[in-house]
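> This is the structure alone, sequence omitted:
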Ligand SMILES: O=C(O)c1cccc(C(=O)CC[C@H]2O[C@@H](n3cnc4c(=O)[nH]cnc43)[C@H](O)[C@@H]2O)c1
(Lines give C-alpha, C1' and ligand atoms only; values in the text may rest on other atoms or scores of the structure.)
Protein backbone atom coordinates (compact mmCIF):
# COMPACT_ATOMS: atom_id res chain seq x y z
CA UNK A 1 0.00 0.00 0.00
CA UNK A 2 1.34 3.42 -0.97
CA UNK A 3 1.65 6.22 1.57
CA UNK A 4 0.46 8.96 -0.80
CA UNK A 5 -2.78 10.81 -0.15
CA UNK A 6 -4.81 13.09 -2.44
CA UNK A 7 -7.05 15.76 -0.90
CA UNK A 8 -9.56 17.28 -3.33
CA UNK A 9 -11.21 20.66 -2.74
CA UNK A 10 -13.50 22.71 -4.95
CA UNK A 11 -11.97 26.19 -4.64
CA UNK A 12 -8.59 27.69 -3.76
CA UNK A 13 -9.80 29.10 -0.42
CA UNK A 14 -10.65 25.56 0.73
CA UNK A 15 -7.32 24.20 -0.52
CA UNK A 16 -5.48 26.98 1.34
CA UNK A 17 -7.35 26.14 4.55
CA UNK A 18 -6.48 22.46 4.27
CA UNK A 19 -2.86 23.30 3.40
CA UNK A 20 -2.55 25.55 6.48
CA UNK A 21 -3.21 22.43 8.56
CA UNK A 22 -0.41 20.51 6.85
CA UNK A 23 3.31 20.96 7.34
CA UNK A 24 5.04 23.59 5.22
CA UNK A 25 3.98 25.61 2.21
CA UNK A 26 3.78 22.77 -0.23
CA UNK A 27 5.31 22.74 -3.68
CA UNK A 28 3.04 23.96 -6.49
CA UNK A 29 2.53 21.73 -9.49
CA UNK A 30 0.21 21.93 -12.49
CA UNK A 31 -1.59 18.88 -13.82
CA UNK A 32 -2.63 18.31 -17.42
CA UNK A 33 -5.76 20.40 -17.89
CA UNK A 34 -4.30 23.19 -15.77
CA UNK A 35 -5.49 21.86 -12.41
CA UNK A 36 -3.57 23.37 -9.47
CA UNK A 37 -1.95 20.85 -7.13
CA UNK A 38 0.25 21.54 -4.09
CA UNK A 39 2.57 18.79 -2.95
CA UNK A 40 3.17 18.55 0.82
CA UNK A 41 5.31 16.19 2.84
CA UNK A 42 4.38 15.19 6.37
CA UNK A 43 6.24 13.02 8.84
CA UNK A 44 2.93 11.60 10.02
CA UNK A 45 2.06 8.24 8.48
CA UNK A 46 -1.01 8.46 6.27
CA UNK A 47 -3.77 6.03 7.27
CA UNK A 48 -4.78 3.29 4.87
CA UNK A 49 -8.24 1.89 4.31
CA UNK A 50 -7.51 -0.48 7.17
CA UNK A 51 -6.91 2.49 9.47
CA UNK A 52 -3.27 1.59 10.03
CA UNK A 53 -0.27 3.54 8.72
CA UNK A 54 0.84 2.86 5.13
CA UNK A 55 4.49 3.70 5.78
CA UNK A 56 6.82 2.73 8.62
CA UNK A 57 6.92 5.12 11.58
CA UNK A 58 9.02 8.21 10.79
CA UNK A 59 8.85 7.70 7.03
CA UNK A 60 7.62 10.83 5.22
CA UNK A 61 4.18 10.71 3.63
CA UNK A 62 3.15 12.73 0.58
CA UNK A 63 -0.08 14.70 0.88
CA UNK A 64 -1.21 16.55 -2.25
CA UNK A 65 -4.00 19.15 -2.26
CA UNK A 66 -5.94 19.65 -5.49
CA UNK A 67 -8.29 22.46 -6.57
CA UNK A 68 -10.87 20.69 -8.72
CA UNK A 69 -13.67 23.19 -9.32
CA UNK A 70 -17.28 23.21 -8.16
CA UNK A 71 -19.69 20.34 -8.72
CA UNK A 72 -19.44 16.56 -9.10
CA UNK A 73 -18.44 16.58 -12.77
CA UNK A 74 -15.55 19.00 -12.24
CA UNK A 75 -14.50 17.04 -9.16
CA UNK A 76 -14.51 13.72 -11.00
CA UNK A 77 -12.58 15.11 -13.97
CA UNK A 78 -9.87 16.71 -11.84
CA UNK A 79 -9.56 13.77 -9.45
CA UNK A 80 -9.31 11.30 -12.31
CA UNK A 81 -6.59 13.45 -13.90
CA UNK A 82 -4.55 13.52 -10.69
CA UNK A 83 -4.96 9.79 -10.10
CA UNK A 84 -4.06 8.90 -13.70
CA UNK A 85 -1.00 11.15 -13.64
CA UNK A 86 0.19 9.57 -10.38
CA UNK A 87 -0.34 6.07 -11.74
CA UNK A 88 1.58 6.89 -14.93
CA UNK A 89 4.39 8.37 -12.81
CA UNK A 90 4.51 5.09 -10.88
CA UNK A 91 3.68 7.00 -7.68
CA UNK A 92 0.04 6.04 -7.10
CA UNK A 93 -2.07 7.37 -4.24
CA UNK A 94 -3.37 5.11 -1.49
CA UNK A 95 -6.24 7.26 -0.25
CA UNK A 96 -8.45 10.05 -1.62
CA UNK A 97 -10.15 12.69 0.57
CA UNK A 98 -12.91 15.10 -0.49
CA UNK A 99 -12.63 18.23 1.65
CA UNK A 100 -14.11 21.70 1.95
CA UNK A 101 -17.06 23.53 3.39
CA UNK A 102 -20.63 22.20 3.41
CA UNK A 103 -24.22 22.82 4.35
CA UNK A 104 -25.14 21.03 7.58
CA UNK A 105 -28.40 19.21 8.28
CA UNK A 106 -30.06 20.29 11.52
CA UNK A 107 -29.86 19.11 14.21
CA UNK A 108 -26.90 16.86 13.39
CA UNK A 109 -24.35 19.38 12.09
CA UNK A 110 -24.49 23.00 13.32
CA UNK A 111 -22.45 25.88 11.91
CA UNK A 112 -18.72 25.41 12.49
CA UNK A 113 -18.97 21.67 13.14
CA UNK A 114 -16.85 19.16 11.23
CA UNK A 115 -18.54 16.33 9.37
CA UNK A 116 -17.00 13.02 8.35
CA UNK A 117 -18.71 10.75 5.84
CA UNK A 118 -19.57 7.13 6.44
CA UNK A 119 -20.87 7.20 2.86
CA UNK A 120 -20.58 9.63 -0.06
CA UNK A 121 -24.02 9.74 -1.65
CA UNK A 122 -25.26 11.19 -4.95
CA UNK A 123 -28.56 12.65 -3.80
CA UNK A 124 -29.92 13.69 -7.19
CA UNK A 125 -28.58 10.96 -9.50
CA UNK A 126 -31.76 9.18 -10.50
CA UNK A 127 -35.24 9.81 -11.87
CA UNK A 128 -38.25 11.71 -10.63
CA UNK A 129 -41.39 9.60 -11.18
CA UNK A 130 -45.07 10.14 -10.36
CA UNK A 131 -44.44 7.83 -7.41
CA UNK A 132 -41.41 9.73 -6.19
CA UNK A 133 -37.65 9.77 -6.66
CA UNK A 134 -35.77 6.66 -7.81
CA UNK A 135 -31.98 6.40 -7.38
CA UNK A 136 -29.99 5.01 -10.33
CA UNK A 137 -29.75 1.57 -8.71
CA UNK A 138 -33.54 1.28 -8.99
CA UNK A 139 -33.31 2.18 -12.68
CA UNK A 140 -31.03 -0.81 -13.18
CA UNK A 141 -27.65 0.80 -13.67
CA UNK A 142 -24.86 2.60 -11.87
CA UNK A 143 -24.57 3.40 -8.19
CA UNK A 144 -25.36 6.36 -6.01
CA UNK A 145 -23.26 5.69 -2.90
CA UNK A 146 -19.70 4.85 -1.93
CA UNK A 147 -19.13 3.53 1.58
CA UNK A 148 -16.08 4.52 3.62
CA UNK A 149 -13.98 1.60 4.94
CA UNK A 150 -14.98 1.31 8.63
CA UNK A 151 -11.40 1.23 9.98
CA UNK A 152 -10.50 4.39 8.05
CA UNK A 153 -13.63 6.15 9.30
CA UNK A 154 -12.85 5.09 12.87
CA UNK A 155 -9.27 6.36 12.60
CA UNK A 156 -10.32 9.80 11.30
CA UNK A 157 -13.18 10.16 13.81
CA UNK A 158 -10.93 9.08 16.70
CA UNK A 159 -8.18 11.58 15.82
CA UNK A 160 -10.68 14.45 15.55
CA UNK A 161 -12.42 13.34 18.74
CA UNK A 162 -9.13 13.20 20.63
CA UNK A 163 -8.39 16.73 19.37
CA UNK A 164 -11.66 18.00 20.83
CA UNK A 165 -13.52 18.47 17.56
CA UNK A 166 -16.30 15.91 18.06
CA UNK A 167 -16.96 15.11 14.38
CA UNK A 168 -20.49 14.51 13.12
CA UNK A 169 -20.44 11.18 11.30
CA UNK A 170 -23.02 10.12 8.69
CA UNK A 171 -23.81 10.17 5.00
CA UNK A 172 -22.59 13.31 3.19
CA UNK A 173 -24.81 14.07 0.21
CA UNK A 174 -23.56 15.36 -3.13
CA UNK A 175 -25.98 17.67 -4.97
CA UNK A 176 -25.67 19.60 -8.22
CA UNK A 177 -28.08 22.25 -6.98
CA UNK A 178 -27.58 23.79 -3.53
CA UNK A 179 -30.69 23.25 -1.42
CA UNK A 180 -32.61 26.50 -1.03
CA UNK A 181 -35.95 25.63 0.56
CA UNK A 182 -37.15 23.98 3.75
CA UNK A 183 -39.22 21.53 1.68
CA UNK A 184 -36.18 20.30 -0.26
CA UNK A 185 -34.13 20.01 2.94
CA UNK A 186 -36.91 17.92 4.52
CA UNK A 187 -37.16 15.71 1.42
CA UNK A 188 -33.41 15.02 1.44
CA UNK A 189 -33.43 14.32 5.19
CA UNK A 190 -36.35 11.91 4.76
CA UNK A 191 -34.68 10.13 1.84
CA UNK A 192 -31.32 9.95 3.59
CA UNK A 193 -31.90 9.40 7.32
CA UNK A 194 -28.90 10.50 9.36
CA UNK A 195 -27.39 12.61 6.57
CA UNK A 196 -25.11 15.14 8.23
CA UNK A 197 -24.31 17.48 5.34
CA UNK A 198 -24.62 18.31 1.67
CA UNK A 199 -21.92 19.58 -0.66
CA UNK A 200 -21.28 19.40 -4.39
CA UNK A 201 -18.18 17.29 -5.05
CA UNK A 202 -17.84 14.20 -2.83
CA UNK A 203 -19.56 11.67 -5.08
CA UNK A 204 -17.56 12.82 -8.12
CA UNK A 205 -14.32 12.43 -6.18
CA UNK A 206 -15.49 8.99 -5.02
CA UNK A 207 -16.31 7.81 -8.55
CA UNK A 208 -12.78 8.64 -9.70
CA UNK A 209 -11.26 7.00 -6.62
CA UNK A 210 -13.34 3.86 -7.17
CA UNK A 211 -12.18 3.66 -10.79
CA UNK A 212 -8.63 3.40 -9.41
CA UNK A 213 -9.64 0.97 -6.65
CA UNK A 214 -8.91 3.52 -3.91
CA UNK A 215 -10.70 4.19 -0.61
CA UNK A 216 -12.32 7.59 -0.17
CA UNK A 217 -13.58 9.70 2.72
CA UNK A 218 -15.19 13.16 2.90
CA UNK A 219 -14.22 15.67 5.61
CA UNK A 220 -15.96 19.05 5.66
CA UNK A 221 -16.67 21.98 7.94
CA UNK A 222 -20.18 23.42 8.05
CA UNK A 223 -20.55 26.97 6.74
CA UNK A 224 -24.34 27.13 6.52
CA UNK A 225 -27.51 25.24 7.32
CA UNK A 226 -29.20 23.16 4.62
CA UNK A 227 -32.50 24.95 4.07
CA UNK A 228 -33.96 28.27 2.91
CA UNK A 229 -31.29 30.20 1.02
CA UNK A 230 -29.72 32.93 3.17
CA UNK A 231 -26.24 33.66 1.80
CA UNK A 232 -25.74 36.41 4.41
CA UNK A 233 -25.94 33.76 7.14
CA UNK A 234 -23.09 31.65 5.69
CA UNK A 235 -20.12 31.58 8.07
CA UNK A 236 -17.41 30.73 5.56
CA UNK A 237 -14.53 32.14 7.62
CA UNK A 238 -15.41 30.06 10.67
CA UNK A 239 -15.86 26.96 8.55
CA UNK A 240 -12.50 27.44 6.81
CA UNK A 241 -10.82 27.85 10.23
CA UNK A 242 -12.48 24.65 11.46
CA UNK A 243 -11.25 22.88 8.32
CA UNK A 244 -7.67 23.96 9.07
CA UNK A 245 -8.04 22.78 12.66
CA UNK A 246 -9.31 19.37 11.52
CA UNK A 247 -6.47 18.82 9.05
CA UNK A 248 -3.87 20.03 11.54
CA UNK A 249 -5.11 17.37 13.95
CA UNK A 250 -5.13 14.72 11.22
CA UNK A 251 -1.60 15.71 10.19
CA UNK A 252 -0.52 15.38 13.81
CA UNK A 253 0.66 18.95 14.17
CA UNK A 254 0.10 21.44 16.97
CA UNK A 255 -3.29 23.07 17.31
CA UNK A 256 -3.46 26.49 15.64
CA UNK A 257 -2.91 29.49 17.89
CA UNK A 258 -5.24 31.57 15.70
CA UNK A 259 -8.23 29.41 16.65
CA UNK A 260 -7.81 30.27 20.34
CA UNK A 261 -9.24 26.97 21.49
CA UNK A 262 -8.72 26.02 25.15
CA UNK A 263 -5.10 25.16 25.96
CA UNK A 264 -6.08 21.74 27.26
CA UNK A 265 -7.22 20.80 23.73
CA UNK A 266 -3.87 21.68 22.19
CA UNK A 267 -1.55 18.92 21.15
CA UNK A 268 2.03 19.06 22.44
CA UNK A 269 4.56 20.45 19.93
O1 LIG B 1 -16.82 33.19 -0.96
C2 LIG B 1 -15.85 32.64 -0.40
O3 LIG B 1 -14.96 33.24 0.22
C4 LIG B 1 -15.78 31.18 -0.45
C5 LIG B 1 -14.74 30.53 0.20
C6 LIG B 1 -14.69 29.17 0.19
C7 LIG B 1 -15.68 28.44 -0.48
C8 LIG B 1 -16.71 29.10 -1.10
C9 LIG B 1 -17.75 28.35 -1.79
O10 LIG B 1 -18.76 28.89 -2.21
C11 LIG B 1 -17.50 26.94 -1.95
C12 LIG B 1 -18.62 26.24 -2.67
C13 LIG B 1 -18.61 24.86 -2.17
O14 LIG B 1 -19.15 24.80 -0.91
C15 LIG B 1 -19.87 23.63 -0.74
N16 LIG B 1 -21.11 24.00 -0.06
C17 LIG B 1 -21.17 24.81 1.01
N18 LIG B 1 -22.42 24.89 1.47
C19 LIG B 1 -23.18 24.14 0.67
C20 LIG B 1 -24.58 23.81 0.67
O21 LIG B 1 -25.38 24.25 1.51
N22 LIG B 1 -25.00 22.99 -0.30
C23 LIG B 1 -24.17 22.48 -1.23
N24 LIG B 1 -22.84 22.77 -1.26
C25 LIG B 1 -22.35 23.57 -0.31
C26 LIG B 1 -19.98 23.02 -2.11
O27 LIG B 1 -19.24 21.82 -2.10
C28 LIG B 1 -19.37 24.01 -3.07
O29 LIG B 1 -18.42 23.50 -3.93
C30 LIG B 1 -16.78 30.47 -1.10
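Sure, I can see it. Bear in mind that the values here come from a model prediction, so they are computed numbers and not experimental data.
> what sits against the closest residue to residue 78 other than its chain neighbours?
With CB to CB, 6 or more residues apart in numbering as the criterion, residue 78 has its nearest non-adjacent residue at 3.4 Å, and that residue is residue 68. (Each C-beta comes from the backbone N, C-alpha and C, glycine too.) By CB atoms under 8 Å, 6 or more residues apart in numbering, residue 68 lies in contact with 8, 9, 10, 35, 74, 75, 77, 78, 79, 201, 205.
> Where does pLDDT dip in the stretch 1-150 of the chain?
Applying pLDDT under 70 to the stretch 1-150 of the chain picks out residues 1-2, 43-60.
> tally of neighbours for residue 7?
28 (other CB atoms under 10 Å).
> hang on, it in a helix?
No. Counting by DSSP: H, G, I helix; E, B strand; the rest coil, one finds residue 7 to be strand, located in no helix.
> Go ahead and confirm residue 225 touches residue 106.
Yes. Using CB atoms under 8 Å, residue 225 is in contact with residue 106, at 5.8 Å.
> between the two, which one's more packed in?
Higher neighbour count among residue 225 and residue 106: residue 225, with 19 against 12, using other CB under 10 Å.
> could I get the contacts of residue 68 as JSON lines with secondary structure and distance to the ligand?
Formatted as JSON lines, those follow (DSSP: H, G, I helix; E, B strand; the rest coil; distance: CB to the nearest ligand atom, whole Å):
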{"residue": "8", "secondary structure": "strand", "distance to the ligand": "11"}
{"residue": "9", "secondary structure": "strand", "distance to the ligand": "8"}
{"residue": "10", "secondary structure": "coil", "distance to the ligand": "4"}
{"residue": "35", "secondary structure": "coil", "distance to the ligand": "15"}
{"residue": "74", "secondary structure": "helix", "distance to the ligand": "9"}
{"residue": "75", "secondary structure": "helix", "distance to the ligand": "8"}
{"residue": "77", "secondary structure": "helix", "distance to the ligand": "14"}
{"residue": "78", "secondary structure": "helix", "distance to the ligand": "12"}
{"residue": "79", "secondary structure": "helix", "distance to the ligand": "14"}
{"residue": "201", "secondary structure": "coil", "distance to the ligand": "5"}
{"residue": "205", "secondary structure": "helix", "distance to the ligand": "11"}
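> Name the member of the residues you listed with the most neighbours.
residue 8 (35 neighbours).
> residue contacts, that one?
Contacts of residue 8 (CB under 8 Å, 6+ apart): 66, 68, 75, 78, 79, 82, 96, 97, 98, 99, 201, 205.
> Kindly report the same for residue 11.
67, 69, 70, 100.
> For PyMOL, write the selection for the buried entries among these.
To isolate the buried ones among these in PyMOL, judged by 16 or more other CB atoms under 10 Å, type:
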select buried, resi 67+69+100
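> now for the contacts of residue 11, which pair is the farthest apart?
Greatest spacing in the contacts of residue 11, by CB to CB: 69 and 100 (11.5 Å).
> Which neighbours do these two have in common?
10, 11.
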